[in-house]
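**Student:** sequence and predicted structure are below.
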Amino acid sequence: MQAMPELKELMLRAPRLTLAVAESVTCGRVQARLGEISGASDFFSGGITAYTLDQKVRHLGVDRATAAAAECVSAEVAAQMARGAAALFGADLGVATTGYAEPKRAGREPMAFWALAWRGADQAWITRTGKVICPGAARLAAQTMIADTAVAELLAHLRATRG
């Protein structure tokens, strides 16, 4: 993505922000995009790929019942993952992805939810979520599309709040 240097510049504006990532469906692709930025360690605290329900619960604090009811794929699960990543790494912002990279059942297109989480002035979590549908996409193409969307939404958020 061409806008990655802008992402770094927006993260480092005063007050400097830090970022953490929780991924499932994208299997580290969001983290890889951040790692492509020279000096990413100035703002990127770290990330985790929590692929299973048990790992989402254990490492990210996702509510087991909520996740199980949605097969780990919902806007709420993505929001909990984003908040969990920020908490796990002590970061100001969290980004998360969860979804299906290929049809699980006949008729289901590859799709995912992404989430951004940050603390408001009162220190309560604020989250923004969205959905990506990848009609006809093969597994790798869907994962790439979902990761690119999550990074683009992070950049849009930073432009709106820090630009």
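**Tutor:** Received, thanks.

**Student:** all contacts plus neighbour counts: C-alpha atoms, from now on.
**Tutor:** Noted.

**Student:** quick one: contacts for P135?
**Tutor:** Applying CA atoms under 8 Å, 6 or more residues apart in numbering to P135 gives the contacts 109-110.

**Student:** distance of it from A40?
**Tutor:** Distance of P135 to A40, computed by CA to CA, to the nearest Å: 32 Å.

**Student:** what packs against the longest helix seen in the chain?
**Tutor:** As assigned by DSSP state H, the longest helix anywhere in the chain is helix 139-162. Taking 3 or more CA pairs under 8 Å, 6 or more residues apart in numbering; DSSP states H and E as contact, the helices and strands that helix 139-162 lies on are helix 4-12, helix 29-35, strand 93-100, strand 111-119.

**Student:** quick one: A20 is in a strand?
**Tutor:** Yes: checked against DSSP: H, G, I helix; E, B strand; the rest coil, A20 lies within a strand.

**Student:** from here on, call the first residue 44.
**Tutor:** Renumbered: residue one is now 44, and that last one reads A63.

**Student:** quick check: bridge partners of it?
**Tutor:** Beta-bridge partners of A63, counted by DSSP bridges, are G89, G137.

**Student:** that one contacts R126, correct?
**Tutor:** No: if you go by CA atoms under 8 Å, A63 and R126 don't touch, sitting 9.2 Å apart.

**Student:** now do the shared contacts for those two.
**Tutor:** G137.

**Student:** picking up where we left off before, mean neighbour count, the helices and strands packed on helix 182-205: which tops it?
**Tutor:** strand 136-143 (a mean of 30; mean count of other CA atoms under 10 Å).

**Student:** what sits closest to Y94 if chain neighbours are left out?
**Tutor:** Spatial nearest neighbour of Y94, chain neighbours left out: S67 (4.7 Å); criterion: CA to CA, 6 or more residues apart in numbering.

**Student:** sweet, I'm off.
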